[in-house]
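Student: quick one: sequence and predicted model below, then my questions.
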Amino acid sequence: MSQFWKPGTEKPRLLDDEEGGVLFFAPSFSSSSSRFGYSSIEKQRQRLPVYKYRTAILYLVETHATTIIVGETGSGKTTQIPQYLKEAGWADGGRVIACTQPRRLAVQAVASRVAEEMGVKLGEEVGYTIRFEDVTNTGVTMVKFLTDGVLLREMMDDPLLTKYSVIMVDEAHERSISTDILLGLLKKIQRRRPELRLIISSATIEAKSMSQFFQNSKKHRGIEGEVVGPITEPAILSVEGRGFSVQIHYVEEPVSNYIQSAVSTVLLIHDQERMGDILVFLTGQDDIDAAVKLLSEEVQNRGRNSSGLIVLPLYSGLPRAEQDLVFTPTARGKRKVVISTNIAETSLTLEGVVYVVDSGFSKQRFYNPISDIENLVVAPISKASARQRAGRAGRVRPGKCYRLYTEEYFNNEMSAEGIPEIQRSNLVSCVIQLKALGIDNILGFDWPASPSPEAMVRALEVLYSLGVLDDDAKLTSPTGFQVAEIPLDPMISKMILSSSHLGCTEEIITIAAVLSIQSIWASGWGAQKELDEAKLRFAAAEGDHVTFLNVYKGFLQSSKLSQWCHKNYVNYHAMKKVIEIREQLRRTAQRLGIVLKSCETDMLVVRKAITAGFFANACRLEAFSHNGKYKTIRGSQEVHIHPSSVLFRVNPKWVIYYSLVSTDRQYMRNVISIEPSWLREAAPHFYHQQRPNPMLH
DNA sequence: GAGCACTGC
């Protein structure tokens, strides 16, 4: 351990940033210890770029309340920094070092890697917590990986996160809602717990604005007026990555059709470049299927060695077996082309990619607080995204990235960073989470990026109408606190609470579990007709929610067999997840003192419970409408029933939807028929006093 | 007649 800074010894070399204010460390080039007996794992660890900064990182963390680490992928920061901290004693005395990730898979992968490097059993000194899985051992676990969502939940029991000595927030540049809420809360905690250290790890140079955010005006002064405790001004440290260089190519002229252009580019690479897989970024399933078809046709038409090119689509809606195809290593003499959504930008890593084709677009969510509708639109990506995409070409050897936009466009028109998710989303869940943590002045909360006041007001309005907040915008008791406790969208939580009075909680928690996963149906190539037919076997006249109950019943009766799922075009993995989520909800309900009762065959109460949570999503069929045109009661928006719904073409007069998807039209997904009188029953102030609505009469 | 990506005691 030659590179070990100890408090009280001479501090490591540092350089002043020419712009002042922040610190950059020059890597110290002293050779690593030649002491023999290092395992190969130890040597591997020392070869990581971050190793050179070990001393510097420990020094900064010791002396600064917040350290911001900018590092590209492959620097080793995620696996190494928690170990350095542990080695330096930050986990002594029963304290815990936490490292958060936005995604569960990453949490599991990093935790098991670190356990392996430390030569310990996962769940002992090194552990992880994600939803449904707590692989830690209290009193033993020193380094804990967890999703930022889990850490937020932990704050409900322990608002100051007292057991943690250091909290490292990884992938902060992704700016997920959870990360942003967490950053705001951690800043607050820091004022109460000066001994707590934060490490914010980000892949982009946005560090400066992050640093400004953590700039704490209040210094902790002792009696003599001298500053005690750590320096409150954040330190910034850059760590280089270990990716190979990627040559960037731009188009000379803007392209009019990026699908066609992507296909031509792939063919050009295949003809002219040496072996290596190609990754193409398009926006969604439509684009991708079209490109796959086009490319396959071109290959055949031109009589190329079609055996040499393997074309594979990749998006989240793809069945697992097909998704797994992209991970099979490419055979000798063949070249794999993966045409993907954003899923390959952060969530999945494909080995063997040497060429990237970047359309410059992705589908992004936008929220309109006026209409209260979340839209999915194709929008230009940011420079940060473009760099991330390009980086995917440099994992195995130097690569090339072909951008289907001009260099001028990249330099002058592309925005540096994407818009944080919190500014593009409905804030209902986010507001109730803060309320539950005792943050009453939501508008005055110190956000890394402020959401729009309109979106805030809209969220407060919905929560008020759900009976979750009172006239003073405080959580109601018990409803508000109970809704906050249930780890689901507040409208679903409210539906569950109402089911308790209506005597149908068993049914409603099944529905809640199904609604919180993507889809219980098996999707597949060319099996659309069979799937539709299978659906008819379960279809309920009341709508999709009751249909889900039928599927769940069938699954239980089959003893949860995968064969049964296969035969009925039901997704087996999805159903297992439903069982898991349902089990969690059952436990939560019991803890809240809700009596679990079944209504057997009485679907009327089930529909009423759904109405109690989702009255705001009520719609009425337009009079004399022949094409199934509905209008929302709240905003008079034109909407249609999604073709995947069992009520498609049935078109009951009054319906409630679970969610809207927007393409060229607004489609209601997961729809149930209701009676209009239930609306006023469920939310009198919403449909009567507050908003007199002639449509209800 | 059609689905960006994540996530939660």
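Tutor: Noted; the coordinates are in hand.

Student: and the pLDDT for whatever residue of chain A ends up closest to DNA strand B?
Tutor: Here chain A gets closest to DNA strand B at one residue, residue A:153, 2.3 Å apart by CB to the nearest atom of the strand. Just so you know, the C-beta spots here come from the backbone N, C-alpha and C atoms, and that holds for glycine as well. Residue A:153 is assigned 92 on the pLDDT scale.

Student: helix or strand right after the helix or strand containing it?
Tutor: In this assignment (DSSP states H and E), residue A:153 forms part of helix A:148-157. Going down the chain from helix A:148-157, the next helix or strand is strand A:164-169, by DSSP H and E.

Student: can you tell me what sits against that following strand?
Tutor: For strand A:164-169, contacts defined as CB atoms under 8 Å, 6 or more residues apart in numbering pick out A:61, A:81-82, A:85, A:90-91, A:95-100, A:148, A:151, A:161, A:179, A:182-183, A:186, A:195-201.

Student: give me that answer again for 7 Å
Tutor: Defining contact as CB atoms under 7 Å, 6 or more residues apart in numbering, one finds that strand A:164-169 is touched by A:61, A:81-82, A:85, A:90-91, A:95-100, A:148, A:161, A:179, A:182-183, A:186, A:196-201.

Student: now swap in stretch A:287-307 and tell me
Tutor: Taking CB under 7 Å, 6+ apart as the rule, stretch A:287-307 contacts A:259, A:262-263, A:266-267, A:280, A:282, A:309, A:311, A:313, A:315, A:337, A:339, A:341.

Student: out of these, which are inside helices?
Tutor: In this view, the contacts of stretch A:287-307 that belong to helices under DSSP state H are A:259, A:262, A:263, A:266, A:267.

Student: ok, which pair from those residues is furthest apart?
Tutor: Using CB to CB, these span at most 13.1 Å, a distance reached by A:259 and A:267.

Student: which one of these two is surrounded by more residues?
Tutor: The neighbour count for residue A:259 versus residue A:267, taken as other CB atoms under 10 Å, is higher for residue A:259 (22 against 17).

Student: for the more buried one, report the pLDDT, please.
Tutor: The score at residue A:259 is 92. That number is its pLDDT.

Student: once you drop chain neighbours, what's closest to it?
Tutor: Excluding its sequence neighbours, the residue lying closest to residue A:259 (CB to CB, 6 or more residues apart in numbering) is residue A:291, at 5.1 Å.

Student: next one: stretch A:198-207 to chain centre, how far?
Tutor: The chain centroid and the centroid of stretch A:198-207 are separated by 18 Å under CA atoms, centre = their mean, to the nearest Å.

Student: so for that stretch, mean pLDDT?
Tutor: Stretch A:198-207 comes out at a mean pLDDT of 82.

Student: please apply the same query to stretch A:337-346.
Tutor: What stretch A:337-346 shows for mean pLDDT is 90.

Student: phi and psi next, for the closest residue to residue A:173 other than its chain neighbours.
Tutor: Once flanking residues are discounted, residue A:173 sits nearest to residue A:202: 4.1 Å by CB to CB, 6+ apart. Main-chain torsions, residue A:202, degrees, to the nearest 10: phi -140, psi 150.

Student: separation between residue A:202 and residue A:414?
Tutor: Distance, residue A:202 to residue A:414, using CB to CB, to the nearest Å: 19 Å.

Student: then residue A:596?
Tutor: Residue A:596 sits 53 Å away from residue A:414, going by CB to CB.

Student: elements contacting the longest helix along chain A?
Tutor: Longest helix in chain A, counting residues (DSSP H): helix A:572-591. If you count contacts as 3 or more CB pairs under 7 Å, 6 or more residues apart in numbering; DSSP states H and E, helix A:572-591 packs onto helix A:505-515, helix A:562-567.

Student: so which residues of the stretch 551-697 of chain A form helices?
Tutor: Assigned helices in the stretch 551-697 of chain A, in chain order: A:562-567, A:572-591, A:603-614, A:677-682, A:684 (criterion: DSSP state H, counting those that start in this stretch).
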